[in-house]
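test case, fold it:
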Amino acid sequence: MVQSQPYSKREEPNGSAKNAGSSSLSFNFKQTKETYHPGNSEGGLFREATKKDRSIRAEEGRNSIQQVSNLIAPSDDKYQNSSPSKPVALEDKRIIGTSQTLEKPYFRLTTAVDPADVRPEEVLKKSLKLMSRKWKNEECDYRYIDEQFRSMRQDLTVQVIQNELAVKIYETHARIALENADLDQFN
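This is a model prediction of the structure:
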């Protein structure tokens, strides 16, 4: 950044002396420097903050964050006893589905998952066989099959199932989507 001369006469590039107040102004307020540079293409004010200014603003930011976090989670024993540094294992929060329906429509999750609406792994195996048979025998159209596979994939995700069954469901869905030129499935 170009340093400006203090408010006094300065020498112009063409060699003539000019009052510095007419083309370059400097203001020093509390260790902050604002300088007007008329030669700049934007022709605006620039602010150079000192380390002290930045540390004051950072401290103010930390204080405001602390105030907001105190509003959200007041300091209780239950919050102090919990250790935020410990990672939560997905296995501890797993949902085990209890639904026995083989065919289930896909819907976007907007609330907490109810285990009664999720199919367990054994039911998903039967559902995969049923959907594969229906597709091979042309008993239904692509939209229906796509919806059923999306629903199966959602059930896998919600239960954190990552095994051979999951691979088989994803591969079968991908193969059917490619057969129908549905490339949106691969986003």
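
low-confidence ranges, this protein, go.
For the chain, the stretches flagged by pLDDT under 70 are 1-54, 61-93.

nearest residue to Arg133 in space, please, no chain neighbours.
Glu139 (7.9 Å; Cβ to Cβ, 6 or more residues apart in numbering). C-betas here are computed from N, CA, C, even on glycine.

what's the spacing between that neighbour and Val158?
Glu139 sits 27 Å away from Val158, going by Cβ to Cβ, to the nearest Å.

who's more crowded, the two?
Val158 (17 against 12; other Cβ atoms under 10 Å).

check contacts around Ala174.
The neighbourhood of Ala174, defined by Cβ atoms under 8 Å, 6 or more residues apart in numbering, consists of 185-186.

now do 6 Å
With contacts defined as Cβ atoms under 6 Å, 6 or more residues apart in numbering, Ala174 has no neighbours.

quick one: terminal-to-terminal distance for stretch 133-153?
18 Å (Cα to Cα, to the nearest Å).

likewise stretch 114-128?
22 Å.

now what about it, what contacts it?
Under the contact criterion Cβ under 6 Å, 6+ apart, stretch 114-128 has outside partners 95, 97-100, 102, 152, 155, 158, 161, 169.

give the buried residues for stretch 95-106.
Going by neighbour count (16 or more other Cβ atoms under 10 Å), the buried part of stretch 95-106 is 95, 97, 104.

what about the helices in the chain?
20-23, 51-72, 77-81, 121-136, 142-158, 164-179 (DSSP state H).

from memory Leu156 sits against Leu165, does it?
No. Using Cβ atoms under 6 Å, Leu156 is not in contact with Leu165, being 7.7 Å away.

the more surrounded of the two?
Leu156 (21 against 16).

quick one: contacts for that one?
Ala166 are the contacts of Leu156 under Cβ under 6 Å, 6+ apart.

also Asn163?
So Asn163 contacts nothing (Cβ under 6 Å, 6+ apart).

state the distance from it to Leu124.
Separation of Asn163 from Leu124 (Cβ to Cβ): 11 Å.

now swap in Arg94 and tell me
When distance is defined by Cβ to Cβ, Arg94 is 15 Å away from Leu124.
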